[in-house]
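In: Need coordinates for the following:
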Amino acid sequence: MPGRRNGRGDGEDDTVAARVAAAEGAGGVAGPDDPLLDDLMPWSVRPPRTGRPWVTAPDAASLKARWERLVRAEGAEQERLFRPSRSRGPRTPVAALPGTRAGGTGPFARRPGPYPDPVRIAHGPFDEWWLIPDHRLIDAARPELWRVADDRQVFAVEHGHGPRDTGPALTATTLLPDGHSPVGRPGRVRPLYRRPGAEEPNLAPGLLTSLRARYGRSGGEPVSEESVLAWALATAYASPAGCRVPLPADTALWTAGVSLGRELLRIQLRGTRGGERPRLPGGRRPYVRAAVTSWPAAPAYDPEGEVLSLGDGRISPVPPGAWEFRVGGARVLELWFAGRVPDPAGADAPAGLEAVGPARWPQEWTSELLELITVLALLAELLPQQAELRAALTAGPVVSERELRAAGVLPVPAAARRPASVLGRREEGPDGQFALL
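Out: Next up is the predicted model:
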């Protein structure tokens, strides 16, 4: 029989957050009955690591200007601007990035080639930046992620765990995630599918069969890989052992959680994969009341008027839930702004390529900010439902790891934790040779 949570009238605070905090204080494992996401979605990849900050930017124009400056430079100056590391330098040949024809494979100093069109990436929990997709410029691009990135893929991104973290432990995006963490502890990236074209779900072998036998056609449809992801988005919490996902014994609770998770997924995917872009009802949508004309020093928020100020710019209404929305204990809107304001601490340092940026506040940033406010406001509105769901989980019976072992789902075979073979075509290796994979 599944174990039942404590907390029915004994006076103890048995919420998920309290159990996690208690386990941290005791140095134990939080929620030992709750499976780890690492077992449910066993293949994970560390986030890409560029090794040099100038390869990414919140605006695409800056990346082209940086590239052109690097191409014009020669010798020692090009070396300095490039910022060589043990993995990459101007004279390092590399293999091409899988799934893209962008970028060369020969040494940059000898043959830079044409400027590759930048690609959109997920920067941290809810921001979107641009990346120069040239493998010669990126220390650890994680080719296995590029191989499975397509218009049907969804990446689940864990966020690092800390004792005072608040906010979601797991988010989803269709963009390639860079894993940037507000608390300096990047989590793992878990693709929903192990192969391109939405083939082979990244789930523990036997998990879907086991869940379908338990929940049947909950909500009128069988349990799918996307409903498992939706449930995880609604219920996952961070623990010292990793992200945990409680599974309910009750079918009605599973159905409610999947429905909530699908709404979270719809908002976070922002209209990709054929969905609608998130919108607030009329009268609650944020508008630009005064345009940003000077470079703002820092954002300021007036909770009474629901006004967000950026220098001389004004945006309203901005709900308090959007302003206070946090990941890793940090406000998302403040993180968004900090990634765009020039760093005064670097004013006296030799100018590197990362110093090449817009002279004025780009208008597209304001549009992106309006969308981010909308996303955060909609997510904040769902927080009470998530709290109710988690309260029901703490009070009711759950599917334990022991039951998953009895069903043959655990332990996960080693092969499920490794990338699948996706060699549908040859990939170009260093200096134009074909890679032997």
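In: helices or strands up against the helix or strand that contains L335?
Out: Counting by DSSP states H and E, the element that carries L335 is helix 332-338. Other helices and strands packing on helix 332-338, by 3 or more Cβ pairs under 8 Å, 6 or more residues apart in numbering; DSSP states H and E, are strand 299-302, helix 363-395. Just so you know, the C-beta spots here come from the backbone N, C-alpha and C atoms, and that holds for glycine as well.
In: Can you mark which positions in that helix are buried?
Out: Across helix 332-338, burial judged by 16 or more other Cβ atoms under 10 Å covers 332-333, 335-337.
In: List the residue ranges of the stretch 201-350 of the chain that fall below the pLDDT cut-off.
Out: 343-350 (pLDDT under 70).
In: please redo it, this time with the cut-off set to 90
Out: 216-221, 238-242, 273-276, 282-283, 293-298, 328-330, 341-350 (pLDDT under 90).
In: for it, what spans make up the strands?
Out: 287-290, 299-302, 307-310, 313-316, 326-327, 330-331 (DSSP state E, counting those that start in this stretch).
In: Dump those into TSV; add mean neighbour count as well.
Out: Below are the strands of the stretch 201-350 of the chain laid out as TSV (neighbours: other Cβ atoms under 10 Å):
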stretch	mean neighbour count
strand 287-290	13
strand 299-302	16
strand 307-310	21
strand 313-316	19
strand 326-327	20
strand 330-331	19
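In: Which of the ones you listed sits closest to G257?
Out: Closest of the strands of the stretch 201-350 of the chain to G257 is strand 326-327, at 20.8 Å (criterion: Cβ to Cβ).
In: Tell me the strands beside that closest one, with direction?
Out: strand 330-331 (antiparallel) (DSSP bridges).
In: what about the partner strand, distance to the chain center?
Out: Centroid separation between strand 330-331 and its chain, computed with Cα atoms, centre = their mean, to the nearest Å, is 15 Å.
In: Repeat that for stretch 135-148.
Out: Offset of stretch 135-148 from its chain centre (Cα atoms, centre = their mean): 16 Å.
In: as a whole number, average confidence for it?
Out: Throughout stretch 135-148, pLDDT has a mean value of 96.
In: before we move on, what about stretch 65-80?
Out: For stretch 65-80, mean pLDDT rounds to 96.
In: same thing with stretch 366-376?
Out: In this model, stretch 366-376 has a mean pLDDT of 97.
In: Give the buried residues for that stretch.
Out: 368-376.
In: Over to stretch 397-406?
Out: Per 16+ other Cβ under 10 Å, stretch 397-406 contains these buried residues: 397-401, 403-404.
In: May I see the residues you listed organised as a markdown table, with secondary structure and pLDDT added?
Out: Shown next, in a markdown table, are the buried residues of stretch 397-406 (DSSP: H, G, I helix; E, B strand; the rest coil; pLDDT from 0 to 100):
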| residue | secondary structure | pLDDT |
| --- | --- | --- |
| P397 | strand | 92 |
| V398 | strand | 93 |
| V399 | coil | 94 |
| S400 | coil | 89 |
| E401 | helix | 88 |
| E403 | helix | 93 |
| L404 | helix | 95 |
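In: Redo the residues you listed as JSON lines? Include distance to L145.
Out: Below are the buried residues of stretch 397-406 laid out as JSON lines (distance: Cβ to Cβ, whole Å):
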{"residue": "P397", "distance to L145": "37"}
{"residue": "V398", "distance to L145": "32"}
{"residue": "V399", "distance to L145": "30"}
{"residue": "S400", "distance to L145": "32"}
{"residue": "E401", "distance to L145": "28"}
{"residue": "E403", "distance to L145": "32"}
{"residue": "L404", "distance to L145": "27"}
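In: Looking at those residues, spot the one nearest A290.
Out: Of the buried residues of stretch 397-406, the one sitting nearest to A290 (Cβ to Cβ) turns out to be V398, at 51.1 Å.
In: Which of the helices and strands packed on helix 332-338 sits closest to V148?
Out: Using Cβ to Cβ, those put helix 363-395 closest to V148, at 24.8 Å.
In: where's that closest one relative to the chain centroid, distance-wise?
Out: Its chain's average C-alpha position is 15 Å from that of helix 363-395, according to Cα atoms, centre = their mean.
In: Check which helices and strands it is in contact with.
Out: helix 16-26, helix 225-235, helix 251-269, strand 287-290, strand 313-316, helix 320-324, helix 332-338.
In: Just grab the bridge partners of the residue nearest to the spatial centre of the chain for me.
Out: Of all residues in the chain, the one closest to the mean position by Cα atoms, centre = their mean is V157, 4.1 Å from it. Beta bridges link V157 to T171, V189 when assigned by DSSP bridges.
In: check contacts around it.
Out: By Cβ atoms under 8 Å, 6 or more residues apart in numbering, the contact list for V157 reads 47, 122, 125, 170-173, 177, 179, 187-190.
In: Include distance to A290 and neighbour count when you put these into JSON lines, please.
Out: Output for the contacts of V157, formatted as JSON lines (distance: Cβ to Cβ, whole Å; neighbours: other Cβ atoms under 10 Å):
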{"residue": "P47", "distance to A290": "37", "neighbour count": "21"}
{"residue": "A122", "distance to A290": "30", "neighbour count": "24"}
{"residue": "P125", "distance to A290": "28", "neighbour count": "25"}
{"residue": "L170", "distance to A290": "37", "neighbour count": "24"}
{"residue": "T171", "distance to A290": "31", "neighbour count": "24"}
{"residue": "A172", "distance to A290": "34", "neighbour count": "24"}
{"residue": "T173", "distance to A290": "31", "neighbour count": "22"}
{"residue": "P177", "distance to A290": "34", "neighbour count": "29"}
{"residue": "G179", "distance to A290": "35", "neighbour count": "25"}
{"residue": "G187", "distance to A290": "38", "neighbour count": "26"}
{"residue": "R188", "distance to A290": "42", "neighbour count": "21"}
{"residue": "V189", "distance to A290": "39", "neighbour count": "24"}
{"residue": "R190", "distance to A290": "42", "neighbour count": "25"}
